[in-house]
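**Student:** next come a sequence and a model predicted from it.
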Amino acid sequence: MKAVVQRVKKSQVTVDDAVVSNIGSGLLVLLGVEKDDTKKDADFLVEKIINLRIFEDDAGKMNRSVKDVKGELMVVSQFTLLGDCRKGRRPSFIKAAPPRKACDLYDYFIGQATRLGVVTQSGVFQAMMDVLLINQGPVTLILDTKENSRKDTEK
């Protein structure tokens, strides 16, 4: 599972010229689900994201999480994060989970974030979306559960 996490002042998702969700200050999470991902990957990633200390404290240091600042999450499914561009000029999406599995894990991720106490909005799975954001900082991080697994096995 891969995620691009952006600290935002606000974010909004529009489908067919209609606003379907919006948040104020918080995190925009672009989420890609791989074929072999499980709920364990989603649990790890959602826990990591909501506890990342990437919001400033009173001293101006990144020392607070989205939970600490009572921020919100906007989670948008984005299978293109899994595009492999190493060969040719058209990305290969062979690592991406099939739609049913991806949707199930996407919904599970959103549910877990909500259960952990973060107000969570989402895009529309498989829809053509316009995603508006004001990246604050800018702060943008890339998280990959496979990278975490590789590091764990290298120890």
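**Tutor:** On my side now, so go ahead. Numbering: from 1, shown residues only.
**Student:** spatially speaking, which residue is in the middle of the chain?
**Tutor:** The residue lying closest to the centre of the chain (CA atoms, centre = their mean) is residue 29, at 2.6 Å.
**Student:** so what's it bridging to?
**Tutor:** residue 5, residue 75 (DSSP bridges).
**Student:** isn't it right up against residue 74?
**Tutor:** Yes: proximity of residue 29 to residue 74 meets the contact threshold set by CB atoms under 8 Å, at 6.9 Å. Quick note: C-beta positions are derived from backbone N, CA and C, even for glycine.
**Student:** burial of residue 96, as a residue count?
**Tutor:** 20 (other CB atoms under 10 Å).
**Student:** ok, residue 137 next?
**Tutor:** Per other CB under 10 Å, the neighbour tally for residue 137 reads 13.
**Student:** not counting sequence-adjacent ones, nearest residue to it?
**Tutor:** Once flanking residues are discounted, residue 137 sits nearest to residue 7: 5.5 Å by CB to CB, 6 or more residues apart in numbering.
**Student:** so the one you found is in which element?
**Tutor:** Residue 7 belongs to strand 2-15 when assigned by DSSP states H and E.
**Student:** packing partners of that strand?
**Tutor:** strand 18-23, strand 26-32, helix 39-51, strand 72-77, strand 129-144 (3 or more CB pairs under 8 Å, 6 or more residues apart in numbering; DSSP states H and E).
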